[in-house]
Each structure stands twice: as C-alpha cells, then as structure tokens.
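Colleague: For reference, the sequence and a predicted model appear below.
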Amino acid sequence: MIEFDAVTKTYADGTQAVGEFSLTIPSHHTTVFVGSSGSGKTTLLRMVNRMVEPTTGRVRIDEQDVAAVDPVKLRRSIGYVLQQGGLLPHRTVLDNVATVAVLGGMAKAKARSLALEMLDRVGLDPALANRYPAQLSGGQQQRVGVARALAPDPNILLMDEPFGAVDPIVRRELQEELLRLQRELGKTIVFVTHDIDEAFRLGDEVVVLRTGGEVAQRGTPEEILANPADDFVRHFIGTEASGGEAEARRLTTRTVDGQQIVFDRAGRPLGVIEP
Ligand SMILES: Nc1ncnc2c1ncn2[C@@H]1O[C@H](COP(=O)(O)OP(=O)(O)OP(=O)(O)O)[C@@H](O)[C@H]1O
C-alpha cells in the first residue's frame, strides 16, 4: 500500500506542482494517474522513490515513511520505467538488465542468467541480449526497460509514460504485455499517462488529475465512464456532447438483420454485440 498523506510540492522557482494531494494506493493493483501536461503526475510518482521530496506531507509505503528510508536503498527496491527507457547506451541489453542485481551484491553470472530469464518474460528474443540499446527498436527498448525494472523482483513498479514514444500498434502490444505480466506477477503498479484510453485499458483504478495535482475523479474505468464527476472529466474522457465529437465515446446500437450493431457518433459501425 502506498499512501500520499497531504503532500504538496513547490519547486525552488516557486512553481506549485502539487497543491494538496492525499491518496491511498492498494497493493497488487494497477493505479493510473492520468491528466494533461503539467498536472503534477510525474512529481507525484517521483515522491514515491524520493526522486522528488514533498515540500510538506508524507508518503508511506506499507506504513513506513519513505523519508526515513535511505534513498539509494529505496530506489533499488522499487522498479522505475521511463518514457525513453533510460537504458545505459554503452552496456549491452543483458548488462542493462543485470546491473541492478549486481549493484545489489549478486554475482555477475547469476545476475546475467536472471537477466536472460527476465528478457524472456517480457517477450524479448534472447538473441538480442548482446546488442546495445541503440540497435533495438523503440518498442524493444521499452521491453528492456520493463525487464530491468522487474529484475530485482520489486513489490512496486513506477511507470512514467513508458509507452509514450512508440507508435500506436507497438504501444498496444506493450500494453497487452503489461496486462499479461501483471496477471502473473500482481505488482503494485503506479502508471502515469496523459492518454485516457491507455489509462482505461491498464488501470484497475484511474485517478484523473487537473493542474496542481488536484484529483478531479478517481474510480474504476467503468465508474468514471458511467458517471463522470464534472465537465472537466467529461471533456477529458471524450463523452462531452459538444466538442471533440470525432473521438466522443458515446456509442449507439441499432438492430440490423437481427444483429445488434454498435455505431460511433459519426454513424460509423464499430462492431457487433455478442448476445
Ligand atoms: N524541477 C522543476 N522545477 C520547477 N518546476 C518544475 C520542475 N519539475 C516540474 N515542474 C513543474 O511542475 C508542474 C508539474 O510537473 P509534472 O512534470 O509533475 O507534471 P506532469 O503532469 O507529469 O506533466 P507531463 O505530462 O508534461 O510530464 C509543471 O508546471 C512543471 O513545469
């Protein structure tokens, strides 16, 4: 369980990134922070591993205040995946994944065999293990990033727009892969994105943020879709009647030749409802 207890963050230049934010994140689930640019998502995520210190308030992991934990130890115990993968360019894929375990005191050979296992786990061909990050596609690099974060078997995985830089098809594959991994591993995942579709696809719980880290709504994707809290949320999730009609989510059904067909707002057929 991760607890944000009335945290605020004002950066040195006076920017107030987070007003006052409180939230309890349950273990073994995926919680997604979604919001537009500058809503404080990254700031909140980084408070968990102390890459950002809150100005006031506390963050606790399983009741322990993270401020009392050595930051290096804390960061080694928490997986962290970034948009650009954050891979070390002069180390092979295998060594990138093995590094944290080696830093944690594991023998090199053992760390490498563990790394090979992790590459397999995230769906990467072991033949890629001796390549350098620049010799991989963006999607493959992100898989390496996930393998590296998971290698020390952390309880918590922080993911900051990890699939933001890849094309939509690869992005979809990576999302599916993460869902599969999460079914197997049951980590406590905090995932940051500005893409509401990604949030709904991945989140057991979704937290919609507006500027200043203010919670506009939190709930399951179903709850938010069924009952958006206000116009801001309606606009964000694209169910507003006016504006953004092209991607509006309100669908209609019509019976055609005994089949129930779903149509989008523009009247394009999207699919058939299974009885
Ligand atoms: N080191 C910093 N110094 C000053 N201001 C900062 C710093 N880091 C972030 N900010 C500001 O804090 C606010 C929140 O930033 P943050 O990166 O947490 O938002 P975000 O929701 O993750 O945005 P994005 O989706 O663009 O990454 C923004 O106004 C940003 O400019």
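Modeller: Thanks, I have the structure now.
Colleague: Now do the contacts for the residue of the stretch 51-200 of the chain found nearest the ligand.
Modeller: Using C-beta to the nearest ligand atom, His194 is the residue of the stretch 51-200 of the chain that sits closest to the ligand, at 5.1 Å. Backbone N, C-alpha and C define where each C-beta goes, glycine included. For His194, the contacting residues are 34-37, 41, 161, 164, by C-beta atoms under 8 Å, 6 or more residues apart in numbering.
Colleague: could you redo the last one with a cut-off of 10 Å?
Modeller: By C-beta atoms under 10 Å, 6 or more residues apart in numbering, His194 lies in contact with 33-39, 41, 161, 164, 209, 236.
Colleague: cool, and Ala127?
Modeller: Remark: with contacts taken as C-beta under 10 Å, 6+ apart, Ala127 is in contact with Leu119.
Colleague: can you check the one 4 residues further on too?
Modeller: With C-beta under 10 Å, 6+ apart as the criterion, the residues that contact Arg131 are 92-94, 140, 144.
Colleague: Now with 7 Å, please.
Modeller: Residues near Arg131 by C-beta atoms under 7 Å, 6 or more residues apart in numbering: 92-93.
Colleague: Tell me the residues of the stretch 101-250 of the chain that contact the ligand?
Modeller: By the rule C-beta under 6 Å from any ligand atom, the part of the stretch 101-250 of the chain lying against the ligand is His194.
Colleague: What segments of the stretch 101-250 of the chain are strands?
Modeller: 156-160, 188-193, 205-210, 214-219 (DSSP state E, counting those that start in this stretch).
Colleague: which of the contacts of His194 count as buried?
Modeller: Neighbour counting over the contacts of His194 (16 or more other C-beta atoms under 10 Å) leaves 33-35, 39, 41, 161, 164, 209, 236 as the buried ones.
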